[in-house]
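Peer 1: okay, here's the prediction I keep looking at, along with the sequence it came from:
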Amino acid sequence: MSQGGDLIANNNNIKQIQINGTITARTVRLLNEQGVQLGVVPIEEARNLALVDNLDLVRIGGSSDVPVCKIMNYGKYCFECDKKKKKTRQRQKSLSVIKEIRLSVNIGIGDLATKANKVKEFVDSGNKVKVSVKLKGRENSRPDIGRNVLLKFMSMCSEFAAGVGDIVIESRHVVCFLVKKNQIEASDQFLLKADVMSDLPANDPVDSIQEQKNDLGESDLNNPEIIS
């Protein structure tokens, strides 16, 4: 059972929560621990009902003349609120982190498989993944080539990740975003075919080496508009 009043933060403002002896009204509209209304009762009766069960009388609303009060374990209530806030902050933090995987038009199956494993690691940690294909020279007039590479890569990741939003062109890159498969509704996922990898080149040694050196980069970005 708590004593006196507690200060809690609400929308960056501090407000006084009245409990037990700090409630000054003569009568209160009372709710029991289960939320059942017990009607308007004198303040002393309300305090005694809370005291009998070793609980607290907490003002939760109403007018200053006849406030609404509830019998509860205030300490437990605060603990549960803090726990929910921490979970919310952790969820927001994980959703604000975007990792990046870079591909090229000529990347081979072996290198794609390596990067697909990296995507799995990222999404299993709760991160979104930005996947981009860089277009060079004449490739810029054929963005569909980059789109096909992304679709093939997304097919490799389809057991554990799903695409969200649209495949888009950003400057000289074709881009998509991936999240953990169970994070979004099925209706929002890309519909991928299992055989889209059939025409992928076996490997490109020069491109593979360059990809492994430079393109398996991780960068934390903030982009609140990535999910449509």
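Peer 2: Received the coordinates, thanks.
Peer 1: what about stretch 69-81, distance to the chain center?
Peer 2: Centroid separation between stretch 69-81 and its chain, computed with Cα atoms, centre = their mean, to the nearest Å, is 26 Å.
Peer 1: okay, buried residues for it please.
Peer 2: Across stretch 69-81, burial judged by 16 or more other Cβ atoms under 10 Å covers C69, K70, I71, M72, N73, Y74, Y77. Where C-beta positions appear, they are placed from N, C-alpha and C, glycine not excepted.
Peer 1: what pairs with the fourth one across the strands?
Peer 2: Beta-bridge pairing of M72, defined through DSSP bridges, involves D56.
Peer 1: need the contact list for it.
Peer 2: M72 makes contacts with E33, L55, D56, V58, as judged by Cβ atoms under 8 Å, 6 or more residues apart in numbering.
Peer 1: ok, now how distant is it from G35?
Peer 2: To G35, M72 is 10 Å away according to Cβ to Cβ, to the nearest Å.
Peer 1: and what of the first one?
Peer 2: Plainly put, C69 is 12 Å away from G35 if you go by Cβ to Cβ.
Peer 1: next: the second one.
Peer 2: Noted for K70: a distance of 7 Å to G35, by Cβ to Cβ.
Peer 1: cool, the third one as well?
Peer 2: I71 sits 10 Å away from G35, taking Cβ to Cβ as the criterion.
Peer 1: tell me the SS of G35?
Peer 2: coil (DSSP: H, G, I helix; E, B strand; the rest coil).
Peer 1: any chance of the backbone angles for it?
Peer 2: When quoted as degrees, to the nearest 10, the phi and psi of G35 stand at phi 90, psi 10.
Peer 1: centre of the chain to the longest strand seen in the chain, how far?
Peer 2: Counting residues, the longest strand in the chain under DSSP state E turns out to be strand 161-170. Strand 161-170 sits 18 Å away from the centroid of its parent chain (Cα atoms, centre = their mean).
Peer 1: what residues of it count as buried?
Peer 2: Residues A161, A162, G163, V164, I167 are the ones in strand 161-170 that count as buried (16+ other Cβ under 10 Å).
Peer 1: now the first one. Nearest residue, chain neighbours left out?
Peer 2: For A161, the nearest residue in space outside its immediate sequence neighbours is L178; the separation is 4.3 Å by Cβ to Cβ, 6 or more residues apart in numbering.
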